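Undergrad: Return atomic coordinates for the entry below.
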Amino acid sequence: MSFLKKLWGSQKQKTSANENAYTAFWQWFQQHQQHFHHIVDQGSKTEIERDFFDRLTPELEKVHSGIFFLTGMLTPQTAELILTPDGIIPNIVFVEELIATAPEIAGWKFTALKPESDIHQVGINMHGYEFSQQTLSFYFNQQAEYPDEIDLVVVHDEYNAAENDAFLQAVYIFLDNYLGEYDAVTKLDNVSVQSKQGAEKELLPINLLKNILILKSSEISRLDKITRSNTDADEFVSLEGETNEGLPLLATLNRTLLTWDQKASHPWMMLIEISYDGQHSNGMPASTDYELMDLIEDALLQELKDV
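TA: Got it, this is the predicted structure:
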């Protein structure tokens, strides 16, 4: 999660506007929390939607677009408000930051992201179908060229290809509740739905998915361990040239890495492209651009450490 925060907004880079929005939201909530608690505890579905949800939605929109919510009574005395980005990964950081600034309010619990649930407590009825451990199974697609990707195929007993979007929507909701929202959006690279007849591998019961993902994450962690270290001592060579427009073109190559006699653990590389306006600096970044690039480099180096 720290890497996501570095990419989409870290604690150091959080703007005063965000902080003010968080503070304003909780001040507003505290003014109405007793009424909201009463509505969640004793109100009908219609009353909860009208007197709580319809008032909460525009206030959350002021904080950040794309923050959704669930509510209910956690205990006879405690109402719970769960904030969720509903699968939108860049919004996770805003949900977590907002919850982190929540005040202590008697009778309330505030939760960032949908928590995981016991498989026996997860059952969804959508679009006329049941999604539970009785109707779902799974297998993984393996791709040798992407050994660290988790491509999950969920099989439904009554899958109908003509309703694929409806089945996929329900499966995502099921996984959010079963695995917990954070794991569902960060551990699974791809999710698809299939029929038993179309399954290409042996089917596994859906109740095994959580433990198998733990094992796969452990395998990926071992795969990510590199055998090459001390890159600070590497030798680099710089190349200079010009574009067709006459602007400078610079490249820096790691000469030590080019002569490395080992095989990379992954058959791909990460490419970072940063755009800037170099019209007034002979095609080169301005000083403010250099400062921002330094921040990005520092954030990456904190994650991509030698071992």
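Undergrad: low-scoring stretches of the protein, by residue?
TA: Low-confidence segments of the chain, defined by pLDDT under 70, are located at 1-16, 220-230, 263-268, 306-307.
Undergrad: which residue of it sits farthest from its center?
TA: In the chain, counting by CA atoms, centre = their mean, Gly246 sits farthest out from the average C-alpha position, at 41.8 Å.
Undergrad: can you tell me how far that one sits from Asn282?
TA: Gly246 sits 10 Å away from Asn282, taking CB to CB, to the nearest Å as the criterion. C-betas here are computed from N, CA, C, even on glycine.
Undergrad: swap in Asn20?
TA: With distances taken as CB to CB, Asn20 is found 39 Å from Asn282.
Undergrad: ditto for Phe174
TA: Phe174 sits at a distance of 56 Å from Asn282 (criterion: CB to CB).
Undergrad: If you count surrounding residues, which of those two has more?
TA: A count of neighbours by other CB atoms under 10 Å puts Phe174 above the other of Phe174 and Asn282, at 23 against 9.
Undergrad: secondary structure element for the more buried one?
TA: Counting by DSSP states H and E, the element that carries Phe174 is helix 164-179.
Undergrad: How about residues contacting that helix?
TA: Helix 164-179 has contacts (CB atoms under 8 Å, 6 or more residues apart in numbering) with 84, 87, 114, 116-117, 119, 122, 124, 126-127, 129, 131-132, 136, 154, 156, 159-160, 184, 187-188, 191-193, 206, 209-210, 213.
Undergrad: Report the next helix or strand after it in sequence order.
TA: Downstream of helix 164-179, the next assigned helix or strand under DSSP H and E is helix 181-186.
Undergrad: Buried ones in the very next helix or strand once past that next one, by neighbour count?
TA: Taking DSSP H and E as the definition, the helix or strand that follows helix 181-186 towards the C-terminus is strand 190-194. Of the residues in strand 190-194, those with enough neighbours to count as buried (16 or more other CB atoms under 10 Å) are Val191, Val193, Gln194.
Undergrad: coming back round to it: mind checking which of the contacts of helix 164-179 are buried?
TA: The buried subset of the contacts of helix 164-179 - by 16+ other CB under 10 Å - is 84, 87, 114, 116, 119, 122, 124, 129, 131, 136, 154, 156, 159, 184, 187-188, 191, 193, 206, 209, 213.
Undergrad: so what's Arg184 closest to, chain neighbours aside?
TA: Just to correct that, residue 184 is Ala rather than Arg. Take Ala184 and drop its neighbours on the chain: the residue closest to it by CB to CB, 6 or more residues apart in numbering is Leu175, 4.5 Å away.
Undergrad: ok, now how distant is the one you found from Ser65?
TA: Note on Leu175: its distance to Ser65, by CB to CB, is 24 Å.
Undergrad: quick one: which of these two has more around it?
TA: More neighbours surround Leu175 than the other of Leu175 and Ser65, with 26 against 10 (other CB under 10 Å).
Undergrad: Tell me the spacing between that one and Thr57.
TA: For Leu175, the distance to Thr57 (CB to CB) stands at 25 Å.
Undergrad: Return the distance of Lys187 relative to Asn125.
TA: Using CB to CB, Lys187 is found at 26 Å from Asn125.
Undergrad: Domains in the chain, by residue range?
TA: If you go by automatic domain parsing, the domain ranges for the chain are 2-112, 119-224, 231-303.
Undergrad: Just give the nearest non-adjacent residue to the residue positioned nearest the centre of the chain, would you?
TA: Closest to where the C-alpha atoms of the chain average out (CA atoms, centre = their mean) is Ile89, at 3.3 Å. Leaving aside its sequence neighbours, Ile89 sits nearest to Val185 (CB to CB, 6+ apart; 5.6 Å).
Undergrad: Going by distance to Lys201, which of the buried residues of strand 190-194 wins?
TA: Out of the buried residues of strand 190-194, the one with the shortest distance to Lys201 is Gln194. That distance is 10.1 Å, counting by CB to CB.
Undergrad: The closest one contacts Tyr159, correct?
TA: Yes. Under the contact definition of CB atoms under 8 Å, Gln194 touches Tyr159, with a separation of 6.4 Å.
Undergrad: Show me how far stretch 98-116 is from its chain's centre.
TA: Between the mean C-alpha point of stretch 98-116 and the mean C-alpha point of its chain there is a distance of 19 Å (CA atoms, centre = their mean, to the nearest Å).
Undergrad: first to last residue in it, what's the distance?
TA: The separation between the terminal residues of stretch 98-116, taken as CA to CA, to the nearest Å, is 20 Å.
Undergrad: Then stretch 214-233?
TA: With CA to CA as the measure, the first residue of stretch 214-233 is 36 Å from its last.
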